[in-house]
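*Asks:* got a structure for you, letters missing:
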């Protein structure tokens, strides 16, 4: 009943929020599965920038439903699936919180896990952090059941491995899951637990990521292309890790105290304003947990969950530092804090009231980041290109979703962007120039009005220019994620007059 209520509430909330139009959706959430499903990734060149090479499997169900279902129904389904997060949270709460608590109190504490600021901001979206957080917490909960059979540990590892295979940033939770599992069992059982967990992780990861890694290796000589190219040395990209370094710590102090510093200045962890005291409270509670553990007053399940949180904080801070990737910690924080508090003080009525008051006050203090929404149907664009055309992309804007409204034989080629810039001498850069040089039809570009000068400069490196007099808007209004109207413009060789045919 609790699960059905949660699904209904989040499904309805998703529909009422409107169509998601966040940057990632416009850039690759729709494009990647579309390109793989239709085969157009063979003729396109990195239109979704560096994200063009992400595993499309996570977003494939959404893309197929987007193509065939009413978009309001799709929004409801996505929100309802996210509402299922209450199920593993309830299982975790029952294993961590002291026995004897009212079932309604356990449900209430678990329910706080699905109303954190970033979780709520992702309702109806397919960022993956909230969706895959369900798998992470499910796997964590399975490892914390004692005694745990080898099959259960294998299944727990596989569930977590699935999450990592679908989105590599989920790897920051692996150390914490392993550590929590070890703390829940005697040292003599550690090797067995590690063996089953490790095998499960490998199986789950390979099941959803193995094919894509093989495909990337076959095409670009690197199974994780373009990431870690300082190791794989693919000629298709420059030497470097290519990871997002915007939120990485500047030193050891910044890394160790990242949750505190991010609470003071949101820009250290997220591009949008947010506020979520629960993660900060959990971070500040860790020294208290160490003291209670030393005094022998910390229950094993609570210690395991706090160890999971501490390990994840470190992996997150030094691995990525992006707050959105920390959503599963945001989800388990109310359970961890409640377990710590109720284990440290007598479980009186006043103690429970104080706990609920703190949880409610922390909830009232949240600020939900806004990734952008639109009315249903506004993602459609009025694109008109002739046969044998090529669409060139430049600038910084996420535009690859336009591929869904182009013929499958019209190539999308990005000449500049986050992945490769002008002057790139890699094989990818050479392929861009070759695609333009060998094309015998007309050229077009999709450009934001606010980026027209930047795109003009970037096209000039290929001896091309925008014919601005023939630009036309292809949107009814500007999206929040774009900032200005999107236009379709013909592109001509520099020096060619407008009278000449494209």
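*Replies:* On my side now, so go ahead. Computed from a prediction, not measured in an experiment: that's the story for all the values here.
*Asks:* remind me which residues of this protein are low pLDDT?
*Replies:* 418-424, 495, 497-502 (pLDDT under 70).
*Asks:* need the longest strand for it.
*Replies:* strand 486-493 (DSSP state E).
*Asks:* Show me what that strand is in contact with.
*Replies:* With CB atoms under 8 Å, 6 or more residues apart in numbering as the test, strand 486-493 has contacts from 381, 383-385, 392, 397, 399, 442-449, 452, 459, 463-468, 470-475, 478, 498, 500, 502. From N, CA and C alone the C-beta is placed, and that goes for glycine too.
*Asks:* Ok, stretch 21-39 next?
*Replies:* 40-41, 44, 47-49, 51-52, 54-57, 59-60, 62-64, 66, 125-127, 371-374, 378-379, 398-401, 403-404, 408, 479-482.
*Asks:* So which of these belong to strands?
*Replies:* 373, 374.
*Asks:* Now the buried members of the contacts of stretch 21-39.
*Replies:* 40-41, 44, 47-49, 51-52, 54-57, 59, 62-63, 66, 125-127, 371-374, 378-379, 398-401, 403-404, 479, 481-482 (16 or more other CB atoms under 10 Å).
*Asks:* who's in contact with the residue nearest in space to the middle of the chain?
*Replies:* Central residue of the chain (CA atoms, centre = their mean): residue 127, 4.1 Å from the mean position. Neighbouring residues of residue 127 by CB under 8 Å, 6+ apart: 22, 24, 324, 371.
*Asks:* if you set the cut-off to 10 Å instead, what comes out?
*Replies:* 20, 22, 24-25, 29, 58-59, 118, 121, 167, 324-325, 327, 371 (CB atoms under 10 Å, 6 or more residues apart in numbering).
*Asks:* Can I get the buried ones among these as something I can paste into PyMOL?
*Replies:* PyMOL command restricting those to the buried ones, with burial defined by 16+ other CB under 10 Å:
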select buried, resi 20+22+24+25+29+58+59+118+121+167+324+325+327+371
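*Asks:* Which of the contacts of residue 127 sits closest to residue 233?
*Replies:* Within the contacts of residue 127, proximity to residue 233 (CB to CB) peaks at residue 167, which comes in at 25.0 Å.
*Asks:* mind listing what the closest one touches?
*Replies:* 54-55, 57-59, 127-129, 131-132, 208-209, 325.
*Asks:* Also residue 364?
*Replies:* residue 277.
*Asks:* circling back to that earlier point, among the contacts of strand 486-493, which ones are in helices?
*Replies:* Here DSSP state H is the test, and the contacts of strand 486-493 give 452, 459 as lying in helices.
*Asks:* What subset of the contacts of strand 486-493 is buried?
*Replies:* By 16+ other CB under 10 Å, these give 381, 383, 385, 392, 397, 399, 442-448, 452, 459, 464-467, 471, 474-475, 502 as buried.
*Asks:* Pairing partners for the longest strand of the chain, with directions?
*Replies:* Next to strand 486-493 in the sheet, as set by DSSP bridges, lie strand 443-448 (antiparallel), strand 464-466 (antiparallel), strand 472-473 (antiparallel).
*Asks:* got the buried residues for it?
*Replies:* 486, 487, 488, 489, 490, 491, 492.
*Asks:* Surely residue 298 is in a strand?
*Replies:* No - counting by DSSP: H, G, I helix; E, B strand; the rest coil, one finds residue 298 to be coil, located in no strand.
*Asks:* List the buried residues of the lengthiest helix in the chain.
*Replies:* Counting by DSSP H, the longest helix found in the chain is helix 190-220. If you call a residue buried by 16+ other CB under 10 Å, then helix 190-220 has these buried ones: 193, 196-201, 203-205, 208-209, 212-213, 215-216, 220.
*Asks:* cool, stretch 4-13 as well?
*Replies:* 6, 7, 9, 10, 11, 13.
*Asks:* what do you get for stretch 292-303?
*Replies:* Quick answer for stretch 292-303 (16+ other CB under 10 Å): 292, 293, 298, 299, 301, 302, 303.
*Asks:* next one: stretch 33-43
*Replies:* Quick answer for stretch 33-43 (16+ other CB under 10 Å): 33, 34, 35, 36, 40, 41.
*Asks:* Tell me which two in those residues are the farthest apart.
*Replies:* 33 and 40 (11.3 Å).
*Asks:* roughly how far is the helix or strand encompassing residue 93 from the heart of the chain?
*Replies:* Using DSSP states H and E, residue 93 sits in helix 86-96. Offset of helix 86-96 from its chain centre (CA atoms, centre = their mean, to the nearest Å): 23 Å.
*Asks:* so what does that helix touch, helix or strand wise?
*Replies:* helix 2-17, helix 103-111, helix 129-143, helix 300-319, helix 327-344 (3 or more CB pairs under 10 Å, 6 or more residues apart in numbering; DSSP states H and E).
*Asks:* of those, which approaches residue 175 most closely?
*Replies:* helix 300-319 (4.5 Å).
*Asks:* Go through stretch 95-107 and flag the buried ones.
*Replies:* 95, 96, 97, 101, 105, 106.
*Asks:* what would these look like in a markdown table with distance to residue 261?
*Replies:* As requested, the buried residues of stretch 95-107 are exported to a markdown table (distance: CB to CB, whole Å):
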| residue | distance to residue 261 |
| --- | --- |
| 95 | 32 |
| 96 | 28 |
| 97 | 30 |
| 101 | 35 |
| 105 | 33 |
| 106 | 33 |
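*Asks:* Which two of the residues you listed have the greatest separation?
*Replies:* 95 and 105 (15.1 Å).
*Asks:* Wait, residue 170 touches residue 326, no?
*Replies:* No - applying CB atoms under 10 Å, one finds residue 170 not in contact with residue 326, separated by 11.2 Å.
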